[in-house]
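>>> just a sequence and a predicted model for now, questions to come.
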Amino acid sequence: MLSAMLWLADGSVAAGPTDKPSVLVPVIVVGQFSDGQRAQIREAVDEWNRALNGHIRFEIQPDTGAPKVWAVTATKSPMNNKKEALAQTMALPAGGGLVFVYLDRFGTRNLAGVMLHEFGHVLGLQHDGGHDLMSATYNPYDQKCVDYAAAAQVATLYSLPIEELRWCGEAPTSH
């Protein structure tokens with residue numbers, strides 16, 4: 001289980017709410033990604049940064065060997081079954097973590113949509129039961145942007161005002 005704990009650029013920890021104006025999530029991209037795939041990862045970072053509206057910010061950085069970063073790495077799938085994940089996110093005890101992207105399983109699937117979902121896990125979001133960004137099942141129609149359900153999870157985890165976040169689609173209405 002991932003926690004809602006992020007490592008800031010200065011090495012300190014932001015667990016949930018923070019008095020800092022913006023929490024930085026450092027990301028490095030390593031492995032055999034094509035230029036097009038790297039652009040799709042950047043697209044997912046840009047979408048999350050738009051949605052988070054300056055409260056939390058993903059930043060792709062060069063690989064300097066620094067600790068406490070999130071490494072996105074291309075790798076071959078460890079198993080060969082039809083229900084295996086397209087990617088997997090693991091937090092490390094000392095901070096940061098790994099996002100394994102199983103490129104051999106992608107076919108024509110959109111890497112940007114999968115990375116949107118995985119960056120949600122980096123923030124500590126869990127799967128939801130709906131047909132939303134954080135659904136446990138990949139659906140290219142539901143994983144194009146940060147939706148209200150994902151924004152609401154972030155707002156709750158980090159005590160952020162939901163009205164300051166930017167999501168796609170409509171917010172649920174109360175009856």
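Received, thanks.
>>> number of nearby residues for C168?
As a burial measure, C168 scores 15 neighbours (other CB atoms under 10 Å). Bear in mind the C-beta positions are built from the backbone N, C-alpha and C, glycine included.
>>> just the pLDDT at it, thanks.
What the model reports as pLDDT for C168 is 92.
>>> ditto for M1
You'll see M1 listed with a pLDDT of 29.
>>> what sits against the most centrally placed residue in the chain?
Centroid-nearest residue in the chain: F119, 0.5 Å away (criterion: CA atoms, centre = their mean). F119 sits next to A44, V45, W48, F58, V99 when contact means CB atoms under 8 Å, 6 or more residues apart in numbering.
>>> what's the first helix or strand after whichever strand or helix holds A112?
Assigned by DSSP states H and E, A112 belongs to helix 111-122. Downstream of helix 111-122, the first helix or strand assigned by DSSP H and E is helix 148-158.
>>> so which elements touch that following helix?
Applying 3 or more CB pairs under 8 Å, 6 or more residues apart in numbering; DSSP states H and E, one finds that helix 148-158 contacts helix 35-52.
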